[in-house]
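Enquirer: predicted coordinates and the sequence they were generated for:
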Amino acid sequence: MTASNLQFSSPMGLHSESSYPSAVPLRPNRAIVLVDGDDDFRSAFAANLRDDGYEVREYANPSELPDLGMLQGVGLLITDYEMSSQSGIRLADAFHTAHPQIPVVLTAGCWNAQVEAQAAARAYVQRRRKPIDYGEFLSLVRRLVSG
């Protein structure tokens with residue numbers, strides 16, 4: 001399923017409950033928190049990351065996340081810019097405040113000047129536009145998680 005030319009689009013998704021209990025600690029340096037309201041994108045992306053050896057916790061929106069201070073052992077946050085309950089920028093800011101050493105990747109299907117300005121104003125945010133080339137994205141993940 002993992003291929004360097006695999007791309008994901010971002011059709012409107014449904015919201016679902018997280019399938020991972022929030023009290024389970026994540027393995028250091030291989031754990032990724034993935035927050036995206038598009039169920040198809042999130043599921044496919046998480047499956048590919050798992051195939052590549054990463055532990056992934058999926059959430060449809062930021063309100064499903066446990067207290068950010070409880071997310072010990074996380075190596076990376078990947079979040080969509082636009083979600084129903086909270087913006088990815090607000091989540092990125094809160095996450096960065098709780099875990100300033102952990103990198104954040106912001107994805108967006110509709111990348112415009114406003115999204116770019118908000119993301120660029122945050123030096124800790126890596127930006128990627130959907131559809132995402134999985135091979136390129138996996139290289140970014142490897143660099144950020146090992147870094």
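Expert: Ah, there it is.
Enquirer: so who does Q118 touch?
Expert: The neighbours of Q118, taking CB atoms under 8 Å, 6 or more residues apart in numbering as the test, are I89. Placement of C-beta: from N, CA and C, glycine included.
Enquirer: what's the helix or strand for it?
Expert: If you go by DSSP states H and E, Q118 is part of helix 113-120.
Enquirer: name the SS class of the residue nearest to the spatial centre of the chain, please.
Expert: Among the residues of the chain, the one closest to the centroid is I78, at 1.5 Å (CA atoms, centre = their mean). Under DSSP: H, G, I helix; E, B strand; the rest coil, I78 falls in the strand class.
Enquirer: test my guess that it contacts F41.
Expert: No - assessed by CB atoms under 8 Å, I78 is found out of contact with F41, at 10.7 Å.
Enquirer: count the neighbours of E116 for me.
Expert: Residues lying near E116 (other CB atoms under 10 Å) number 13.
Enquirer: for the one 5 residues further on, same thing?
Expert: For A121, the neighbour count with other CB under 10 Å is 9.
Enquirer: distance-wise, check R57 relative to L34.
Expert: 7 Å (CB to CB, to the nearest Å).
Enquirer: what residue of this structure is the furthest out?
Expert: The chain, farthest from centre, CA atoms, centre = their mean: A113 at 21.0 Å.
Enquirer: tell me the contacts of it?
Expert: Listed by CB under 8 Å, 6+ apart, A113 has no contact partners.
Enquirer: and F137, what is it in contact with?
Expert: F137 neighbours (CB under 8 Å, 6+ apart): R128.
Enquirer: now do it, the pLDDT please.
Expert: With respect to pLDDT, F137 scores 95.
Enquirer: helix or strand: which one has it?
Expert: Taking DSSP H and E as the criterion, F137 maps to helix 134-146.
Enquirer: can you dump the C-alpha atoms of that helix in CSV for me?
Expert: Extracted as CSV, the C-alpha positions of helix 134-146 are listed here (Å, rounded to 0.1, in the frame of the first residue of the first chain):
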residue,chain,number,x,y,z
TYR,A,134,3.3,10.0,0.5
GLY,A,135,6.9,9.2,-0.4
GLU,A,136,7.9,12.9,0.1
PHE,A,137,5.8,13.1,3.3
LEU,A,138,7.4,9.9,4.7
SER,A,139,10.9,11.5,4.1
LEU,A,140,9.7,14.5,6.1
VAL,A,141,8.3,12.3,8.9
ARG,A,142,11.5,10.3,9.2
ARG,A,143,13.6,13.5,9.4
LEU,A,144,11.3,15.1,12.0
VAL,A,145,10.8,12.1,14.2
SER,A,146,14.5,11.2,14.2
